[in-house]
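Enquirer: I would like to see how this sequence folds:
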Amino acid sequence: MALTAVRRSEDEILRRLYRGLRERRAPQHVAADLLELGAEQWISALGARDLYGFVRRERARQEAYPDGRILWTEPTGSSMPVVWLRHRGLARAYEVAEATASAVAGLAGRPVPGAADPTDPESLRVWLGWALELLGLPGGHPLPARPTMRRRPVPVSWGGGTYHRLPKPRGARGDRGGHADARDRMDAATRRERLPGVSVRAYRRAVRSVLHLQQRVGILAAERDREAAVAFGKARLAHLVAEDDFLACPATAAFTAYYVARLNMRTRFTAGSQIRPMDTLAEELLAGALAAPTCRPTVLASVLTRWRVLDLLDDTQCGELLGRYYEQLAAAARALRGCFDPNRDPTRMVMRAGDDSSTWNAASRAFDQARTGWLNLTRGLGYDDLVEGCCPGKVPALVAADVAAWHALEGRDQHVDVRVWADLPLPWDVVLGDEECPAELVRQVCRRHGVDPEANGWTSPYRQDLTELPEPAPDLVHGVTVTSPLLARVMREVGVFSGQA
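Expert: Now for the predicted structure:
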């Protein structure tokens, strides 16, 4: 009876850790679960000391504040969101388009296809292929729902000061008005011939709803790419880990959950370097996972592509992982291409008014992470000739203007990698097959700027040379540490550090 209770408790903890792969749990909360799981059994005495000390320091920090007990149980009382935002899909737009198009097909005696998934852009595109052919509309890319021209914020003054807003586009929804351009619809004679019995009113209603859905699908696809970039840029392929594989080995689950929590730590507002995800406790947990008889190397490789992890995979598993990493690389490349300003000076990667810095920084982080994993896998599989023929460069993040000014005050310029990336073909063009960038070209540009291409991760995977000590993740409001969680929540609600009035 006691053994059954223990196993049920262990299963509950493992499932909570698995759910945390898709959330932004703080490392200290994961460490508390690991202590309850008994993780000290498969790590060294030094690692057990780190684990106990880590949890003890966090408990003492929480007890120092009366409202901290909320954070100790679960981070629902944090001042920042703990779940990733996700587009809800196009259920309403699809429902309207499906009803109107099915009505036209029924009146004309045409067959109706199966239902599409309103949250999946590819499923919606398959359904749209049938609907557009039924209504005699072109199947190419629709006009944008908003003008493609960049809109710069304009200052607006009032009695309390001045704020900036984006000017409204010409027309209600775009340059040509309405949700889409419906001038390619069939004329009356063609409609009577191809869709007998369908009134002009029913036909035009279907045209409007289908074209509206077609445009919204493009927006949904872009959102899915952005979401994939955000999730992968932080937690790698953790969102694709199967639950059965995760639960099969507690040691593997312990490292994966803790390392993902470290990866998901928020960036700090600082002129120095950010906290590295690998700390001494993670190293101990990794060693314990690799030594476990039930080790699941595919789970470990989803978040860490070190060669000693990849050596445990067979060629088929490595090939599947290589394909997944390249898919993430392509998704990040599409997101980068969509938000890149061709008029930007590539040697000056400092944020300007009107820049979509959130999408850019999420996509650039995901691109560089996927690129590192891809390089690790190609080297592990012996595909050096592939890297020699196609070696896309790294993508720098957009630096906030105040951080750039901070650097200037300290006498520092932008990172030398920015000058290297500016002299190379655009990395997303290389990944998507529009440009060529062999490894030798990357080496030549690196030598021109005095950069070692191997040591700095341009032609080989970047290696972390620093192992952090376990420390609780602080409560941050837009990157600024706030000691009291209650104060952090109040500051966030009133708009401090967010540019709001």
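
Enquirer: What residues of stretch 112-128 count as buried?
Expert: Using 16 or more other Cβ atoms under 10 Å as the test for burial, stretch 112-128 gives 116, 118, 119, 120, 121, 123, 124, 127, 128. In this view, the C-beta of every residue, glycine as well, is placed from N, C-alpha and C.

Enquirer: which residues are contacting stretch 35-48?
Expert: Residues outside stretch 35-48 that contact it (Cβ atoms under 8 Å, 6 or more residues apart in numbering): 9-10, 13-14, 17, 51-52, 55, 250-251, 254, 280-281, 283-285, 287-289, 291-292.

Enquirer: Between the two ends of that stretch, what distance do you get?
Expert: 9 Å (Cα to Cα, to the nearest Å).

Enquirer: Let me know the pLDDT of residue 141.
Expert: Here the pLDDT value assigned to residue 141 is 66.

Enquirer: Then the one 4 residues further on?
Expert: On the pLDDT scale, residue 145 is placed at 52.

Enquirer: Narrow the contacts of stretch 35-48 to just the buried residues.
Expert: Buried by 16+ other Cβ under 10 Å: 13-14, 17, 51, 55, 250-251, 254, 280-281, 283-285, 287-289, 292, out of these.

Enquirer: In this structure residue 250 contacts residue 11, no?
Expert: No: contact between residue 250 and residue 11 fails when scored by Cβ atoms under 8 Å: they sit 9.9 Å apart.

Enquirer: What about the contacts of stretch 35-48, which are in strands?
Expert: Among these, no residue falls in strands (DSSP state E).

Enquirer: Now intersect those residues with the helices, please.
Expert: Applying DSSP state H to the contacts of stretch 35-48, the entries found in helices are 9-10, 13-14, 17, 51-52, 55, 250-251, 254, 280-281, 283-285, 287-289, 291.

Enquirer: Tell me how far residue 301 lies from residue 30.
Expert: 20 Å (Cβ to Cβ, to the nearest Å).

Enquirer: If you count surrounding residues, which of the two has more?
Expert: Neighbour count, other Cβ atoms under 10 Å: between residue 301 and residue 30, residue 301 has more, with 25 against 20.

Enquirer: right, and residue 363 touches residue 336 too?
Expert: Yes: with contacts counted by Cβ under 8 Å, residue 363 reaches residue 336, the gap being 4.8 Å.

Enquirer: so what sits against both of the two?
Expert: Residues touching both residue 363 and residue 336 by Cβ under 8 Å, 6+ apart: residue 395.

Enquirer: Neighbour count for those two, which is higher?
Expert: More neighbours surround residue 363 than the other of residue 363 and residue 336, with 31 against 25 (other Cβ under 10 Å).

Enquirer: my read is the more buried one is in a strand, agree?
Expert: No: according to DSSP: H, G, I helix; E, B strand; the rest coil, residue 363 belongs to no strand; its state is helix.

Enquirer: Could you check the pLDDT of residue 152?
Expert: pLDDT, residue 152: 64.

Enquirer: would residue 196 count as being in a helix?
Expert: No: applying three-state DSSP, one finds residue 196 to be coil, outside a helix.

Enquirer: Distance of it relative to residue 49?
Expert: Counting by Cβ to Cβ, the separation of residue 196 from residue 49 is 81 Å.

Enquirer: the more surrounded of the two?
Expert: Legend: neighbour count by other Cβ under 10 Å for residue 196 and residue 49, higher for residue 49 (15 against 10).

Enquirer: from the middle of its chain, how far away would the host helix or strand of the more buried one be?
Expert: In the assignment (DSSP states H and E), residue 49 maps to helix 45-63. Distance of helix 45-63 from the chain centroid (Cα atoms, centre = their mean, to the nearest Å) equals 31 Å.

Enquirer: now do stretch 23-43
Expert: 25 Å.

Enquirer: Kindly report the same for stretch 310-322.
Expert: 23 Å.

Enquirer: Dump the C-alpha coordinates for it into CSV.
Expert: In CSV, the C-alpha atoms belonging to stretch 310-322 read as follows (Å, rounded to 0.1, in the frame of the first residue of the first chain):
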residue,chain,number,x,y,z
LEU,A,310,24.2,12.8,-29.7
ASP,A,311,26.6,9.8,-29.5
LEU,A,312,23.8,7.8,-27.8
LEU,A,313,21.4,8.3,-30.9
ASP,A,314,21.4,6.1,-33.9
ASP,A,315,21.6,7.5,-37.4
THR,A,316,17.8,7.4,-37.9
GLN,A,317,17.2,9.4,-34.8
CYS,A,318,19.9,11.9,-35.7
GLY,A,319,18.4,12.3,-39.1
GLU,A,320,14.9,12.9,-37.7
LEU,A,321,16.4,15.4,-35.3
LEU,A,322,18.3,17.1,-38.1
